[in-house]
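J.: Only the shape, not the letters, is given here:
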């Protein structure tokens, strides 16, 4: 890298012009746009079966081809994006709200019984593989989108709890917190007015990264038949159904697999760019 380029990347150029952020934002917006458009328009009804048109390759009539039941693959991917984003938003939203609340509570009562109880529970949760835990929970509660949301949300709790606690402890050590105490504010008021706003940035970054993992987890659960159930399209189940036709009709696996990969890549790159915005020191170190 030249000295001029290093100077630009070191801080002269705005963080939102970084390639990782731009690419991530474009990919994320494409997925979100496909999900939103699917509410009002798809080329075909995603559940409409046309047996006479089964296993057709990509064409002007069916951009991504048709599956073994004659359903339009492009329409199914559009609606599958809607379902994947819904699961991701629900799981990450619940995990962030509950996990952050627990982490903030632990930071207030640091080194107390509540702090140790929350952190040891988080450690216990981390001791088990995330995907296997989600499979076990959905297998016990039953398959379905709602149960998948709850299972993935539970896996997100310890991440946000530990992150919120660690970041909040740094804020509690600042001098302005002592000034707030001197002004007569109690712990709850300080937490809501000063601590939470100061850690909101890193929580949003973590939420973006966890969102990508939630989409991947939903696809994995649906692949195993434990996530989104028929007739609602799901990228993971589309991959499962494509196994039988991989040799002759590879597009049945290529397109939903690419949708999953690009979505995960997009939100990971978006989170990387947002991390630069929250902590410019990371950008200067590159």
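T.: Received, thanks. On a predicted model such as this, the values are computed, not experimentally measured, just so you know. Numbers count the residues shown, from 1 in each chain.
J.: In the protein, which residue sits furthest out from the middle?
T.: residue 182 (40.4 Å; CA atoms, centre = their mean).
J.: where in this protein is pLDDT low?
T.: 1-13, 15, 279-286 (pLDDT under 70).
J.: Find the centremost residue of it, please.
T.: Short answer for the chain (CA atoms, centre = their mean): residue 211, at 0.8 Å.
J.: Make sure it is indeed in a helix.
T.: Yes: the assignment for residue 211 (DSSP: H, G, I helix; E, B strand; the rest coil) places it in a helix.
J.: correct me, but it touches residue 92?
T.: Yes: using CB atoms under 8 Å, residue 211 makes contact with residue 92 at a distance of 4.9 Å. (C-beta placed from N, C-alpha, C; glycine too.)
J.: neighbours of residue 112, just the number please.
T.: 11 (other CB atoms under 10 Å).
J.: State the distance from it to residue 60.
T.: 66 Å (CB to CB, to the nearest Å).
J.: which residues sit in contact with the residue farthest from the centre of the chain?
T.: Residues near residue 182 by CB atoms under 8 Å, 6 or more residues apart in numbering: none.
J.: give me phi/psi at residue 66?
T.: As for residue 66, its main-chain torsions (degrees, to the nearest 10) stand at phi -130, psi 160.
J.: roughly how far apart are it and residue 98?
T.: On the measure of CB to CB, residue 66 and residue 98 end up 42 Å apart.
J.: Who has more neighbours out of those two?
T.: residue 66 (28 against 16).
J.: Kindly tell me how buried the nearest residue to that one once chain neighbours are set aside is, as a neighbour count.
T.: Nearest non-adjacent residue to residue 66, counting by CB to CB, 6 or more residues apart in numbering: residue 56, 4.6 Å away. The number of residues packed near residue 56 is 18, by other CB under 10 Å.
J.: likewise residue 169?
T.: Residue 169: 17 neighbours (other CB under 10 Å).
J.: Quick check: longest helix in the chain by residues?
T.: helix 73-108 (DSSP state H).
J.: what's downstream of that helix, the next helix or strand?
T.: Proceeding N to C from helix 73-108, the next assigned helix or strand is helix 113-126, under DSSP states H and E.
J.: Give the next helix or strand downstream of that next one.
T.: Counting by DSSP H and E, what follows helix 113-126 is helix 130-141.
J.: For that following helix, name the packing helices and strands.
T.: If you count contacts as 3 or more CB pairs under 8 Å, 6 or more residues apart in numbering; DSSP states H and E, helix 130-141 packs onto helix 145-172, helix 196-223.
J.: packing partners for the last one?
T.: Under the contact definition 3+ CB pairs under 8 Å, 6+ apart, helix 196-223 sits against helix 73-108, helix 130-141, helix 145-172, helix 235-242, helix 251-278.
J.: mind listing what's buried in that helix?
T.: 196, 198-199, 202-203, 205-223 (16 or more other CB atoms under 10 Å).
J.: ok now do residue 255, which residues does it touch?
T.: Residue 255 neighbours (CB under 8 Å, 6+ apart): 64-65, 73-74, 77.
J.: whoops, residue 98 was the one
T.: Per CB under 8 Å, 6+ apart, neighbours of residue 98: 153, 157, 160.
J.: at 6 Å instead, please
T.: residue 157 (CB atoms under 6 Å, 6 or more residues apart in numbering).
J.: The one 4 residues further on too?
T.: By CB under 6 Å, 6+ apart, residue 102 lies in contact with 118, 161.
J.: at 8 Å what do you get?
T.: 118, 157, 161, 164.
J.: One more: residue 66?
T.: 50, 53-56, 72-73.
J.: can you check residue 74 too?
T.: 42-43, 62-64, 255.
J.: Give the burial count for the residue lying closest to residue 257 once chain neighbours are set aside, as a bare number.
T.: Spatial nearest neighbour of residue 257, chain neighbours left out: residue 239 (6.1 Å); criterion: CB to CB, 6+ apart. Residue 239 has 21 neighbours, counted by other CB under 10 Å.
J.: Touching, residue 24 and residue 266? I think so.
T.: Yes: taking CB under 8 Å as the definition, residue 24 is a contact partner of residue 266 at 5.1 Å.
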